[in-house]
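Enquirer: the following block contains a protein sequence and its predicted model.
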Amino acid sequence: MEDLRYIYSVARVRVLETHLLKKAIFLNVLDAPTLDTALRILADTGSYSLDILNIKDAQALEAVINTERQKLERLALELFVDHFLFEAYIYLRRDLGKSHSLIMQAKSGFLKDFIRKFIDLYNIKTFLRIHYRKESIENLKTNLLEGGHIPEIEFINRFGKALNGFYRGVIQDGIRQIEKEGNFGVLERDIDDYLTRLMQPAKYMFFGPEAVFGYCLAKENELKRLRLLLLAKINNIARPLIQERLTLSYA
């Protein structure tokens, strides 16, 4: 159903999307020989202020990232015509159950499907962490969230059993890495990539809140990728370790 109240917001989003960083920029930052070179690459894009050139350590990086996140939240408050959807976006990383209850009030079937799949991925990650830490089934029951497409009972029934075929089509590389090394980093990347692919159709929606939601999540993920890359430069972390965790770009 088209929501004409969002025409102005979507028009702004279409302009903002042109300033999202492309994959090539992230790869250039990844390949930069020094932190200063990486920062210059980012400054030259015009997507960030020249203040980014003043980053010298992790503390300065966190200050810049936090400032950008605050700017994004203020922008989101302007763009969401429905305040409850602004709240749903804010709660998405802080209280997923609350975000779900808010989004389910919307008329958008796209956003409702998105939040249900988001909960599925949260529950899959929760199941895997509890499984590999050999925690109790009671802990699993306590931490699973309602509202996803996958019934909670399905996770409970699989607890303690072999994971052959366990949702590998969704997060295959991540599960393989957990089985091999007990490393959840690739799983986090797979989940972020899957959510990005779910939101990408919003780039072609012109009359509702979906485009706003999609842009805000894309910008948030961009900041997450930049933090990862620049921390690697600050701490001289090897390129392969960072590349395997570099998430998909929305742009």
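Expert: Thanks, I have the structure now. Every value quoted in this text rests on a predicted model; they were computed, and no experiment measured them.
Enquirer: now stretch 55-72: buried residues?
Expert: Residues of stretch 55-72 classed as buried by neighbour count (16 or more other CB atoms under 10 Å): 55, 61, 64, 65, 68, 72. No exception for glycine: its C-beta is placed from N, CA and C like everyone else's.
Enquirer: now do stretch 3-10
Expert: Those buried within stretch 3-10 under the rule 16+ other CB under 10 Å are 3, 6, 9, 10.
Enquirer: just the endpoints, please. Distance across that stretch?
Expert: 11 Å (CA to CA, to the nearest Å).
Enquirer: who touches stretch 104-116?
Expert: Identification of contacts with stretch 104-116 by CB atoms under 8 Å, 6 or more residues apart in numbering yields 1, 3, 82, 84-85, 88, 99-100, 103, 147-149, 195, 198-199, 201-202, 205, 208-210, 213.
Enquirer: ok, now stretch 24-37?
Expert: Contacts to stretch 24-37, defined as CB under 8 Å, 6+ apart, come from residues 38, 41-42, 45, 53, 55-56, 225-226, 229-230, 232-234, 239, 242-243, 246, 249.
Enquirer: now swap in stretch 140-159 and tell me
Expert: 96-97, 100, 104, 115-120, 122-124, 126-127, 130-131, 137, 166.
Enquirer: can you list the low-confidence ranges for the stretch 101-250 of the chain?
Expert: Applying pLDDT under 70 to the stretch 101-250 of the chain flags residues 162-185, 240-241, 243-250.
Enquirer: helices along that one, start to end?
Expert: With DSSP state H, counting those that start in this stretch as the criterion, the stretch 101-250 of the chain has helices at 109-132, 137-143, 152-158, 168-181, 185-199, 210-235, 239-243.
Enquirer: quick one, which of these is packed in tightest?
Expert: Stretch with highest mean neighbour count among the helices of the stretch 101-250 of the chain: helix 210-235 (a mean of 21; mean count of other CB atoms under 10 Å).
Enquirer: from the chain's centre, how far out does that one sit?
Expert: 8 Å (CA atoms, centre = their mean, to the nearest Å).
Enquirer: which of the contacts of stretch 104-116 are buried?
Expert: Buried members of the contacts of stretch 104-116, scored by 16+ other CB under 10 Å, are 3, 82, 85, 88, 99-100, 103, 147-148, 195, 198-199, 202, 205, 208-210, 213.
Enquirer: ramachandran angles for residue 207?
Expert: Backbone torsions of residue 207, given as degrees, to the nearest 10, read phi -130, psi 30.
Enquirer: still on that earlier bit, which of the contacts of stretch 104-116 fall in strands?
Expert: Among those, the subset assigned to strands under DSSP state E is empty.
Enquirer: I'd like the average pLDDT over stretch 4-13.
Expert: Across stretch 4-13, pLDDT averages out at 93.
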